[in-house]
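**Student:** Sequence first, predicted coordinates after that:
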Amino acid sequence: MGLDLDHRISILITQLGWSLPTTIAVLVIAGIAVMRRDEGLWWKLVVAGTACLVLATVVQVLGTFVVYGFDQGYRLTWLAGVPALVLDVVGIALIGAGAITGRRREATR
């Protein structure tokens, strides 16, 4: 049998504590993008990227919680880690694309 529920919950709380600062920063980025939005595509890319990053955190935390319930689940943590990594890469790429296509001031002569 896997880890007992008390130990799994302590791991869950630890992971939430470690991921909380990043999640708050990502949500602030999304809030700023929504407040400064215009007709362009940049803010939609940024919001989609931040949603991917938050979803990656949820997948990692809940996936690890579930996997640790299996017998020798610590060997299977990659089952939660790989999808979270893919979501992280996609989220960062979307935020980068939003930054590249972002708001630009019109050049004055």
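**Tutor:** Sure thing, it's come through. Numbering: from 1, shown residues only.

**Student:** from what I can see Leu12 touches Phe65, true?
**Tutor:** Yes: Leu12 lies in contact with Phe65 (CB atoms under 8 Å); the separation is 4.9 Å. C-beta coordinates here come from the backbone N, C-alpha and C atoms, glycine included.

**Student:** So the two - more neighbours on which side?
**Tutor:** Phe65 (19 against 15; other CB atoms under 10 Å).

**Student:** tell me, which helix in this structure spans the most residues?
**Tutor:** helix 5-35 (DSSP state H).

**Student:** Run the chain-centre distance for that one.
**Tutor:** 8 Å (CA atoms, centre = their mean, to the nearest Å).

**Student:** The residue sitting nearest the centre point of the chain: what's it in contact with?
**Tutor:** Central residue of the chain (CA atoms, centre = their mean): Leu53, 2.0 Å from the mean position. Leu53 makes contacts with 22-23, 26, 87-88, 91-92, 95, as judged by CB atoms under 8 Å, 6 or more residues apart in numbering.

**Student:** Closest one to Gly49 out of these, please.
**Tutor:** Closest approach to Gly49 among the contacts of Leu53 (CB to CB): Ile95, at 3.7 Å.

**Student:** contacting residues for the closest one?
**Tutor:** 29, 45-46, 49-50, 53.

**Student:** what's the helix or strand for it?
**Tutor:** Ile95 is located in helix 78-100, with elements delineated by DSSP states H and E.

**Student:** could you point out where this structure is predicted with low confidence?
**Tutor:** For the chain, the stretches with pLDDT under 70 are 1-2, 103-107, 109.

**Student:** Quickly note the distance from Arg37 to Leu27.
**Tutor:** 16 Å (CB to CB, to the nearest Å).

**Student:** about what we covered before: quick one, the helix holding Ile95 and helix 5-35 angle?
**Tutor:** 10 degrees (axes from the mean of the first three to the mean of the last three CA atoms, to 10 degrees).

**Student:** Can I get helix 78-100 in CSV, CA atoms only?
**Tutor:** Extracted in CSV, the C-alpha atoms of helix 78-100 (Å, rounded to 0.1, in the frame of the first residue of the first chain):
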residue,chain,number,x,y,z
TRP,A,78,7.1,11.5,-13.2
LEU,A,79,3.5,10.7,-14.1
ALA,A,80,2.5,14.0,-12.6
GLY,A,81,5.8,15.8,-13.4
VAL,A,82,5.8,15.3,-17.2
PRO,A,83,2.4,16.9,-17.9
ALA,A,84,3.2,19.7,-15.5
LEU,A,85,6.5,20.3,-17.3
VAL,A,86,4.8,20.5,-20.7
LEU,A,87,2.2,22.9,-19.3
ASP,A,88,5.0,25.0,-17.8
VAL,A,89,6.8,25.2,-21.1
VAL,A,90,3.7,26.1,-23.0
GLY,A,91,2.7,28.7,-20.5
ILE,A,92,6.1,30.4,-20.5
ALA,A,93,6.1,30.3,-24.4
LEU,A,94,2.6,32.0,-24.4
ILE,A,95,3.7,34.7,-22.0
GLY,A,96,6.8,35.3,-24.1
ALA,A,97,4.7,35.5,-27.3
GLY,A,98,2.5,38.0,-25.6
ALA,A,99,5.5,40.0,-24.5
ILE,A,100,6.9,40.0,-28.0
